[in-house]
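> Give me the fold of what follows.
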Amino acid sequence: MRSFLGHGVGLRVPHYERALAGELDVDWIEVISENFFGGGGRPRAVLERIRRDVPLVLHGVSLGIGSVDPPAPRYLQQLKELVDRYEPAWVSDHLCWGQLAGVFSHDLLPLPYTEEALAHVVEQLEPVQEALRRPLLLENVSSYVSYAQSELTEWEFLSEVARRSGCLILLDLNNILVSAHNHCFAPERYLAGVPAECVQQLHLANHSTRATHKLDDHRGPVPEAVWQLAEAAWRRFGPVSSSIEWDEELPSWETLRAEQREAVRRAASAGAEVARGAAEVSLRPIAVPRVPEHSSLRAVQELFMDVIRWPTGVAGFLESAGDERRRAIQQTFESSEGFGAVERLEVYASSYFHRLLGVLRELFPRLCWLCGEVAFHNLVTDYVLACPSRDPDLRRLGERLPEWVREQELGGRSLLFSELATLEVALNTALDAPDATPLSEVELSAVPLEHWPELRFSWTPATQLSRARCDLEQLERCYAAGDRAAARGLEPGEERVLVVGRRGHVTYFRALGSGEASALEALWRGANFAAACARLESAGEQPAELVQWLRRWLADGLLASCKRG
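Okay, the predicted model is just below:
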């Protein structure tokens with residue numbers, strides 16, 4: 001039996017504070033699963049609050065159920081932990097592929113609609129649904145390419161996946177309109193071809209119209225064409241939950257809420273009754289011809305990934321490829337008048353690099369500012385070619401960037417760039433590190449004085465130590481003031497220890513004086529309180545200072561616990 005939550009909104013980062021304040025005045029909330037894999041910090045606090053206030057739905061973007069390689073075990077483990085802890089009303093992802101040989105495209109790449117692909121998706125779904133102990137919702141994706149070997153329509157393929165696997169369907173109406181325009185079919189045929197009993201949710205979003213195609217960019221309010229298709233869907237399928245997706249140029253919450261209210265109004269006016277004849281589209285088997293061996297799913301995905309990751313674009317790939325690879329592209333991807341296979345593939349190639357650039361710009365805002373947009377763009381282009389993403393969580397994309405910067409001309413010009421990148425990796429790690437209750441001054445004061453020499457300390461997961469020769473605190477002041485010339489003029493000096501931590505939901509860093517750094521590093525490596533005092537004495541410092549530093553570490557939330565031994 002279909003679950004009905006009403007009409008919700010996809011929550012994005014700019015509105016997290018509203019969630020924490022308990023002001024999500026909509027029927028339910030959908031969140032991107034991967035944004036909450038970190039284990040703690042503000043993201044997890046947001047989930048806790050949402051779950052208390054309104055129903056929660058997890059929507060993934062990196063499962064890649066159609067990839068020839070199975071979903072990463074670590075990814076499934078992280079998703080299962082989220083599901084078990086927060087008990088969402090349901091879990092969804094996309095009917096697509098996105099990774100190959102450990103490299104993630106972070107895009108929703110379409111499948112050929114063949115028996116081989118169909119059987120593969122169904123086989124992949126079984127362990128996923130078993131691990132999550134629930135049927136998965138699969139969403140139709142917008143697409144810009146079509147395959148010569150496809151034997152089914154997209155809606156036939158989606159329906160057959162649902163029949164064979166028992167999964168449910170998240171029908172993205174904007175994606176239907178985009179794909180209908182790009183591949184010349186009527187959107188109404190899609191609605192008519194999907195089994196009503198399998199449709200659990202609708203997505204409502206906007207797109208842009210380019211010279212050759214429509215592009216799914218989730219920028220702006222839901223257009224009238226999508227609203228009309230939604231009304232047709234509610235008339236055909238009955239009461240189906242919907243959510244608003246708005247990802248680019250995000251508006252105020254009031255604007256999003258107005259879109260959600262419009263969904264409530266339109267659904268009510270559509271009657272919320274299953275139209276006659278809806279049951280005629282049932283989950284009956286569909287005969288799918290076998291695909292010839294030469295056009296296997298793995299070969300298709302290898303070709304696709306090679307093309308979209310080529311540094312000079314699809315045209316550059318064709319110039320460099322041999323006759324066999326050029327023939328493979330001609331035989332695999334279909335063209336239409338005014339929108340050929342090369343232009344269609346170029347949509348994905350452009351998306352691949354710009355998505356990764358955008359993510360790294362968000363993860364490394366100071367480095368991007370220090371480099372300047374053009375230099376940062378060039379640096380990132382080279383970086384993603386040499387160090388492609390190997391994790392479904394995009395926030396880990398930049399973990400190798402400090403080492404990469406150090407080896408580049410930019411790093412050779414100044415140590416500042418690689419040290420700044422190292423700092424930003426630490427800050428990103430601290431942002432959603434697992435939560436831990438910090439040790440309090442009351443707890444520490446309760447330890448009898450005779451036990452203090454034996455005390456050893458543990459540290460909260462967000463706490464990290466780093467080293468830098470450049471004055472990154474001064475750089476932070478330049479960054480706040482927008483003084484890039486002064487920042488670039490900073491010269492390396494003596495190496496200093498930096499501590500990175502998180503106060504509440506806000507990350508911070510500070511440089512330590514020599515005495516504080518010596519004491520903290522000793523305790524960090526497991527020395528007891530007496531050994532740390534002895535180290536300070538040998539360096540000519542006053543051990544009594546350690547008590548003051550402990551108070552500061554307690555106030556900063558760095559210490560997790562203390563114990564004897």
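> Would you mark the buried spots in the lowest-mean-pLDDT helix or strand in the chain?
Sorting the helices and strands of the chain by mean pLDDT, DSSP states H and E puts helix 409-413 at the bottom, at a mean of 91. Using 16 or more other CB atoms under 10 Å as the test for burial, helix 409-413 gives 410-411. C-betas here are computed from N, CA, C, even on glycine.
> Give me the next element, helix or strand, following that helix.
Beyond helix 409-413 in the direction of the C-terminus, DSSP states H and E gives the next helix or strand as helix 415-431.
> Find the nearest non-adjacent residue to Phe304, please.
Leu109 (6.4 Å; CB to CB, 6 or more residues apart in numbering).
> residues contacting the one you found?
96-98, 301, 304, 348 (CB atoms under 8 Å, 6 or more residues apart in numbering).
> Distance-wise, check it relative to Ser33.
Distance of Leu109 to Ser33, given as CB to CB, to the nearest Å: 18 Å.
> Can you get me a residue count around the closest residue in space to Pro110 that isn't next to it in sequence?
With CB to CB, 6+ apart as the measure, Ser143 is the residue that lies nearest to Pro110, at 4.0 Å, once sequence neighbours are left out. Look at Ser143: counted by other CB atoms under 10 Å, it has 22 neighbours.
> wait, Ser143 sits on His183?
Yes - between Ser143 and His183 there is a contact under CB atoms under 8 Å: 7.2 Å.
> Now for these two: what residues contact both?
Residues touching both Ser143 and His183 (CB under 8 Å, 6+ apart): none.
> Look up phi and psi at Val506.
Per-residue torsions, Val506: phi -110, psi 130 (degrees, to the nearest 10).
> who does it bridge with?
Arg503 (DSSP bridges).
> right, and the helix or strand after the strand or helix carrying Glu521?
Using DSSP H and E, Glu521 sits in helix 514-524. Remark: after helix 514-524, the chain's next helix or strand is helix 529-538, criterion DSSP H and E.
> Would you mind listing the buried residues in that next one?
Those buried within helix 529-538 under the rule 16+ other CB under 10 Å are 529, 531-533, 535-536.
> follow-up on the earlier one: gap between the residue nearest to Phe304 and Leu138?
Going from Leu109 to Leu138 by CB to CB gives 14 Å.
> swap in Ala430?
35 Å.
> More neighbours: which of the two?
Using other CB under 10 Å, the more surrounded residue of Ala430 and Leu138 is Leu138, with 26 against 23.
> Tell me how far the closest residue to that one other than its chain neighbours lies from Ser165.
Leaving aside its sequence neighbours, Leu138 sits nearest to Leu95 (CB to CB, 6+ apart; 4.4 Å). Counting by CB to CB, the gap between Leu95 and Ser165 amounts to 11 Å.
> quick one, what contacts Ala341?
By CB under 8 Å, 6+ apart, the residues touching Ala341 are 145, 329-330, 333-335.
> a markdown table for those, including pLDDT, secondary structure and neighbour count?
Output for those, formatted as a markdown table (pLDDT from 0 to 100; DSSP: H, G, I helix; E, B strand; the rest coil; neighbours: other CB atoms under 10 Å):
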| residue | pLDDT | secondary structure | neighbour count |
| --- | --- | --- | --- |
| Val145 | 98 | coil | 21 |
| Ile329 | 96 | helix | 18 |
| Gln330 | 94 | helix | 13 |
| Phe333 | 97 | strand | 21 |
| Glu334 | 96 | coil | 16 |
| Ser335 | 95 | coil | 15 |
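> Tell me the one of the residues you listed nearest Arg390?
Arg390 has its nearest neighbour among these in Val145, at 24.7 Å by CB to CB.
> In this structure that closest one contacts Tyr348, no?
Yes - shown here, Val145 and Tyr348 form a contact pair, counting by CB under 8 Å, at 7.3 Å.
> Now do the host helix or strand of Glu403: everything it contacts.
Here Glu403 sits within helix 401-407, counting by DSSP H and E. Residues external to helix 401-407 that are found in contact with it (CB under 8 Å, 6+ apart): 360, 364, 367, 379, 383, 386-387, 411, 417-419, 421-422, 425.
> same question, stretch 369-385
The contact list for stretch 369-385 (CB under 8 Å, 6+ apart) reads 309, 311, 353, 356-357, 360-361, 367-368, 397, 400-401, 404-405, 408, 410, 416-417, 420, 475, 479, 484, 487-488.
> among the residues you listed, which ones are buried?
309, 353, 356-357, 360-361, 367-368, 397, 401, 404-405, 408, 410, 416-417, 420, 475, 479, 487-488.
> Could you list the domains of this protein?
If you go by automatic domain parsing, the domain ranges for the chain are 7-280, 293-429, 437-564.
> tally of neighbours for Glu373?
11.
> Oh, that last question was meant for Leu170, not what I typed.
For Leu170, using other CB under 10 Å, the count is 27.
> measure it to Ala267 for me?
Leu170 is 16 Å from Ala267, by CB to CB.
> Gly501 now?
Relative to Ala267, Gly501 is positioned 47 Å away (CB to CB).
> and the residue nearest to Gly220 when sequence neighbours are not counted, what is it in contact with?
Of all residues not flanking Gly220 in the chain, Asn206 sits nearest, at 4.3 Å (CB to CB, 6+ apart). By CB under 8 Å, 6+ apart, the contact set of Asn206 is 174, 217-223, 226, 246.
> what pLDDT does Asn206 get?
Looking at Asn206, its pLDDT is 98.
> Does Arg395 touch Asn428 like I think?
Yes - counting by CB under 8 Å, Arg395 touches Asn428, with 6.4 Å between them.
> what sits in contact with each of those two?
With contacts taken as CB under 8 Å, 6+ apart, Arg395 and Asn428 have Leu363 as neighbours in common.
> so where's the chain uncertain?
1, 272-295 (pLDDT under 70).
> for this protein, longest helix please?
helix 341-363 (DSSP state H).
> what's next to the least confident helix or strand of the chain, contact-wise?
Applying CB under 8 Å, 6+ apart, the external contacts of helix 409-413 come out as 371, 375, 379, 405, 417-418.
> among those residues, which two are most distant?
Ala375 and Ser418 (14.2 Å).
> Ser458 and Leu559, how far apart?
From Ser458 across to Leu559, the span is 7 Å (CB to CB).
> neighbour-wise, which of those two wins?
Leu559 (23 against 16).
> That one pairs with what?
Trp459.
> give the contact list for it.
Counted by CB under 8 Å, 6+ apart, Leu559 has contacts 438-439, 444, 457-460, 550, 553.
> State the distance from it to Gly40.
Relative to Gly40, and taking CB to CB, Leu559 is found at 16 Å.
> Likewise for Ile50?
Per CB to CB, Ile50 is found 16 Å from Gly40.
> of these two, who's got more company?
Neighbour count, other CB under 10 Å: between Ile50 and Gly40, Ile50 has more, with 24 against 20.
> What residues of the one helix or strand that one maps to count as buried?
In the assignment (DSSP H and E), Ile50 maps to helix 41-53. Using 16+ other CB under 10 Å as the test for burial, helix 41-53 gives 41-47, 49-50.
> A strand includes Leu138, no?
Yes - with DSSP: H, G, I helix; E, B strand; the rest coil as the criterion, Leu138 is located in a strand.
> Restrict stretch 406-423 to CA atoms and write it as PDB.
Below are the C-alpha coordinates for stretch 406-423, written out as PDB (Å, rounded to 0.1, in the frame of the first residue of the first chain):
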ATOM      1  CA  ARG A 406      52.800  21.000  -3.300                       C
ATOM      2  CA  GLU A 407      54.100  19.300  -6.500                       C
ATOM      3  CA  GLN A 408      52.800  21.900  -8.900                       C
ATOM      4  CA  GLU A 409      54.300  25.200 -10.100                       C
ATOM      5  CA  LEU A 410      52.000  27.100  -7.700                       C
ATOM      6  CA  GLY A 411      53.300  25.100  -4.700                       C
ATOM      7  CA  GLY A 412      56.900  25.700  -5.800                       C
ATOM      8  CA  ARG A 413      56.300  29.400  -6.000                       C
ATOM      9  CA  SER A 414      55.100  29.600  -2.400                       C
ATOM     10  CA  LEU A 415      54.600  27.200   0.500                       C
ATOM     11  CA  LEU A 416      51.500  29.200   1.400                       C
ATOM     12  CA  PHE A 417      49.300  27.500  -1.100                       C
ATOM     13  CA  SER A 418      49.800  23.900   0.000                       C
ATOM     14  CA  GLU A 419      49.700  24.800   3.700                       C
ATOM     15  CA  LEU A 420      46.400  26.600   3.200                       C
ATOM     16  CA  ALA A 421      45.000  23.600   1.300                       C
ATOM     17  CA  THR A 422      46.100  21.300   4.200                       C
ATOM     18  CA  LEU A 423      44.300  23.600   6.700                       C
END
